[in-house]
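# show me the folded form of this:
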Amino acid sequence: MGLCGCGGPSGPDWSKAELPPGVVVRKEIRSMPREEQERIARAFLKMRENIGGSGTSPYFKMAVIHGGMPPLSTKKYPEYCAHRRTCFAPWHRPYMLEFERMLRRADLALGGDGNIGRG
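Numbers count the residues shown, from 1 in each chain. Next up is the predicted model:
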């Protein structure tokens, strides 16, 4: 049971929660029932909550890894993603896997089972 009593981890450490085992194959969002779409939207909003001041949300941290965030300084936030290069797929796959894990952790923090939108 999480600190919030909702069954999932909560508080500032929710973004490091252990995930349930198994692979999640995401359904196409247009084929999901409205309640699942709303659950994903809530998880995205949870990811965007700052934990310790401006720029501390898990979403922002993932965006910084991706990079290319105008109008932010490219010296402070360089673009790491390999868009338009042959190494794009090998770079982007683990990035999207980590993004998916963070989305699942946000779902857990909101009281879900971490298998949000599972096909």
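
# tell me how far the residue of the chain most remote from its centre lies from P78.
Checked against the mean C-alpha position of the chain, the extreme residue using Cα atoms, centre = their mean is T86, at a distance of 25.3 Å. According to Cβ to Cβ, to the nearest Å, T86 and P78 sit 20 Å apart. No exception for glycine: its C-beta is placed from N, CA and C like everyone else's.

# for R39, same thing?
34 Å.

# next: A17.
29 Å.

# counting neighbours, go ahead and name the busier of these two.
When neighbours are counted by other Cβ atoms under 10 Å, A17 comes out ahead of the other of A17 and P78, with 18 against 11.

# which secondary structure elements does the top helix by length along the chain contact?
For the chain, the longest helix by residue count, based on DSSP state H, is helix 88-109. Using 3 or more Cβ pairs under 8 Å, 6 or more residues apart in numbering; DSSP states H and E as the contact test, the elements touching helix 88-109 are helix 34-47, helix 58-66.

# quick one: contacts of the shortest one?
When you say that, I think you mean helix 58-66. 15, 44, 47-48, 50-51, 69, 77, 79-81, 95, 98-99, 102, 105-106 (Cβ atoms under 8 Å, 6 or more residues apart in numbering).

# low-confidence ranges in this structure?
1-12, 68-70, 119 (pLDDT under 70).

# the same query, at a cut-off of 50, please.
1-10 (pLDDT under 50).
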